[in-house]
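[1] sequence-free structure coming up:
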């Protein structure tokens with residue numbers, strides 16, 4: 001139960017979820033930037049309009065914005081998405097992008113090149129990625145969404161799955177969301 005809406009300003013990913021008490025609600029992970037009260041109201045109105053197009057009944061809308069929004073119109077709750085997210089502009093020559101990175105990151109990139117790691121993009125490795133994600137979740141004791149949530153994200157045009165392999169062994173994976 002997922003939809004993606006977009007225009008020239010970017011994409012909105014949403015899903016209808018069931019709470020622990022069985023109540024349906026609309027969930028907007030990583031909603032667009034909301035930097036002031038006027039933008040907050042405008043974004044909430046756009047999200048409400050998107051929900052009406054789908055014609056599903058829900059008790060409330062849950063928004064987890066990116067950045068530090070004006071929260072005067074929002075009630076805080078426990079976050080579902082990870083606390084840390086990296087937003088990286090990949091414009092310009094590779095040398096300039098690398099120069100902006102921490103020295104240890106540059107070292108690890110060069111080390112990966114020496115270890116002959118392969119990056120594969122696309123959804124054909126979804127199953128292996130989800131198995132690795134579940135293994136990591138169990139080891140590090142963090143909660144995951146159900147598999148359908150990740151599968152719907154990977155199938156969308158706004159999200160890309162990248163996996164890192166050494167031979168036949170999956171070492172890492174990343175879900176990258178594109179906006180704008």
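    Everything's here; your move. A quick note: this is a predicted structure, and the numbers were derived from the prediction, not measured.
[2] For whichever strand or helix holds residue 152, buried residues please.
    For residue 152, the host element (DSSP states H and E) is helix 147-155. Buried residues in helix 147-155, counted by 16 or more other Cβ atoms under 10 Å: 149, 150, 152, 153, 154. From N, CA and C alone the C-beta is placed, and that goes for glycine too.
[3] what does stretch 161-173 give?
    Buried, per 16+ other Cβ under 10 Å, within stretch 161-173: 161, 163, 165, 170, 173.
[4] on that earlier part again, after the helix holding residue 152, next one along is what?
    strand 159-166.
[5] name the helices or strands packed onto that following strand?
    Under the contact criterion of 3 or more Cβ pairs under 8 Å, 6 or more residues apart in numbering; DSSP states H and E, strand 159-166 touches strand 118-121, helix 126-140, strand 169-177.
[6] hmm, who's touching it?
    Residues external to strand 159-166 that are found in contact with it (Cβ atoms under 8 Å, 6 or more residues apart in numbering): 13, 112, 115-123, 125-126, 128-129, 153-154, 170-178.
[7] Kindly supply the ChimeraX command isolating those of the residues you listed that are buried.
    The ChimeraX command for the buried members of the contacts of strand 159-166 (criterion: 16+ other Cβ under 10 Å) is given here:
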select :13,112,125,126,128,129,153,154,170,173,177
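[8] Please work out the average pLDDT along stretch 141-158.
    Per-residue pLDDT over stretch 141-158 has a mean of 85.
[9] Quick one: end-to-end distance for it.
    Length of stretch 141-158, first residue to last, Cα to Cα, to the nearest Å: 28 Å.
[10] what do you get for stretch 144-160?
    One end of stretch 144-160 to the other measures 18 Å (Cα to Cα).
[11] Quick check: closest non-adjacent residue to residue 134.
    Of all residues not flanking residue 134 in the chain, residue 144 sits nearest, at 6.7 Å (Cβ to Cβ, 6 or more residues apart in numbering).
[12] Equivalent analysis for residue 151, please.
    Residue 151 sits nearest to residue 126 (Cβ to Cβ, 6+ apart), 6.2 Å away.
[13] any idea how far that neighbour lies from residue 159?
    11 Å (Cβ to Cβ, to the nearest Å).
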